[in-house]
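# Dropping the sequence and predicted coords here.
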Amino acid sequence: MTEVVKNVEAAVKAAAAREAVTDMFFVACGGSNALLMSGHYAVEREAEKIASFSYSSAEFLARAPKRLGKGSVVILCSHSGNTPETVAAAKYAREAGALTIAFTNLENSPLDQAAEATILYQYNPLAVSEDHAAPMLMRLVFGILAAREGNGKLGKVETALAGMGKTIEAVIARHKPSIAAWAESSKREPVIYTMGSGANWGSAYSFAICILQEMQWVHSAAIHAGEYFHGPFEVTDFDVPFIILKGLGNARKMDERALAFAEKYSKRLLVLDAAEFGLEALAGDAAEYLTPMLFTALLRAYAVALADSRGHPLTVRRYMWRMEY
């Protein structure tokens, strides 16, 4: 058992030991916020009595939810561990009596020090292993649901996570021709839209704001497949590029409906389909909750190729980390 898994188990025990757990809050910024959205989705889908909420850290502080208190578990994430809004959110939640659980890559960081329990994950954007944040988030969420409500999907999740590394390697390998072709054809696009829903909304959101906007300075927006027909579909045209994530579970119907329309009017579609990942054979009816980690790693492979074709490294920034803001 790795140290990261031990940290998750300790956090689950801390949640199990609370007198009551009435709600869970997922709080972070940017890509960390997008990561936690999959945990929020899983709790909303699976919890019988626990309510779930997802916030950007600044919004969490601004809203100051009145129900936040001793019955709350607040899960936070900051890769660097020093995102000011997230550190402040951890302190605020802890002062309110909530159990605070932090995900971070940096030991002894301000977030590590502010939270009661910390999960110090490893990081590789192109791979998935049991020590990475996304798998540990699923272990944590389903561990808490098992401890507090007797949810039975933790075993399926753990079995699937054991094979996740090889699964994502195989998926990326199959996509290599598509990755190269898409990157070359998209290198001069002024705008690229990313669409998804359900468990994969966070993956779509992260690719739009963290990869295309932040790392590539490409105009982009994340479009929720369920909202596509309520405004965004008006931008669809034969030469407008979309990336469409087709998930699993109930939300897949939204993705399929949006794709069916987009296919009629756009010739620039990149469709990534979770049904081709083999997750259902690994995880059964828990598969939909694991698709975000595969989509995120696969999209990162597309991003690396796009950055190379554009001659714009993913590490280049205009403002972030370069000045006060």
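Nice, thanks for sending it over.

# What about residue 195, how many residues nearby?
28 (other CB atoms under 10 Å). Using the backbone N, CA and C atoms, a C-beta is placed for each residue, glycine as well.

# Is it in contact with residue 224, as I believe?
Yes: using CB atoms under 8 Å, residue 195 is in contact with residue 224, at 7.5 Å.

# Give the residues shared as contacts by those two.
The overlap between the contact sets of residue 195 and residue 224 (CB atoms under 8 Å, 6 or more residues apart in numbering) consists of residue 204.

# ok, which stretches of the stretch 51-200 of the chain are helices?
In the stretch 51-200 of the chain, helices defined by DSSP state H, counting those that start in this stretch lie at 57-63, 84-95, 110-114, 133-149, 154-162, 164-186, listed in chain order.

# just checking, what packs against the shortest one?
Where contact means 3 or more CB pairs under 8 Å, 6 or more residues apart in numbering; DSSP states H and E, helix 110-114 is packed against helix 84-95, strand 99-104, strand 117-120.

# Just name the most buried of those.
strand 99-104 (a mean of 27; mean count of other CB atoms under 10 Å).

# Identify all contacting residues around it.
Strand 99-104 is contacted from outside by 11, 14-15, 18, 32, 35-36, 72-81, 90, 93-94, 111-112, 114-121, 133, 136-137, 140, using CB under 8 Å, 6+ apart.

# could you dump the helices of the stretch 51-200 of the chain to TSV with distance to residue 42?
Converted to TSV, the helices of the stretch 51-200 of the chain look like this (distance: least, CB to CB, whole Å):
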stretch	distance to residue 42
helix 57-63	19
helix 84-95	20
helix 110-114	22
helix 133-149	5
helix 154-162	9
helix 164-186	16
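
# Most tightly packed of those?
Of the helices of the stretch 51-200 of the chain, helix 133-149 is the most buried (mean count of other CB under 10 Å), at a mean of 23.

# what angle do it and strand 99-104 make?
Going by axes from the mean of the first three to the mean of the last three CA atoms, to 10 degrees, helix 133-149 is angled at 160 degrees with respect to strand 99-104.

# would you list the helices and strands packed on helix 110-114 in CSV and tack on mean pLDDT and distance to residue 259?
Formatted as CSV, these follow (pLDDT from 0 to 100; distance: least, CB to CB, whole Å):
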stretch, mean pLDDT, distance to residue 259
helix 84-95, 98, 35
strand 99-104, 98, 32
strand 117-120, 96, 36
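
# can these go into TSV with extra columns for distance to residue 59?
Formatted as TSV, those follow (distance: least, CB to CB, whole Å):
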stretch	distance to residue 59
helix 84-95	9
strand 99-104	17
strand 117-120	23
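
# between these, which gets nearest to residue 293?
In terms of CB to CB, the element of those nearest to residue 293 is strand 99-104, at 13.6 Å.

# got the contact list for the residue positioned nearest the centre of the chain?
For the chain, the residue nearest the mean C-alpha position is residue 35 (2.5 Å; CA atoms, centre = their mean). By CB under 8 Å, 6+ apart, residue 35 lies in contact with 28, 77, 103, 133, 134, 137, 202, 206, 292, 296.

# Once you drop chain neighbours, what's closest to residue 317?
residue 214 (7.4 Å; CB to CB, 6 or more residues apart in numbering).

# what does residue 11 give?
That would be residue 117: by CB to CB, 6+ apart, it lies 4.2 Å from residue 11.

# what sits against the one you found?
Residue 117 sits next to 7, 10, 11, 14, 99, 100, 101, 102 when contact means CB under 8 Å, 6+ apart.
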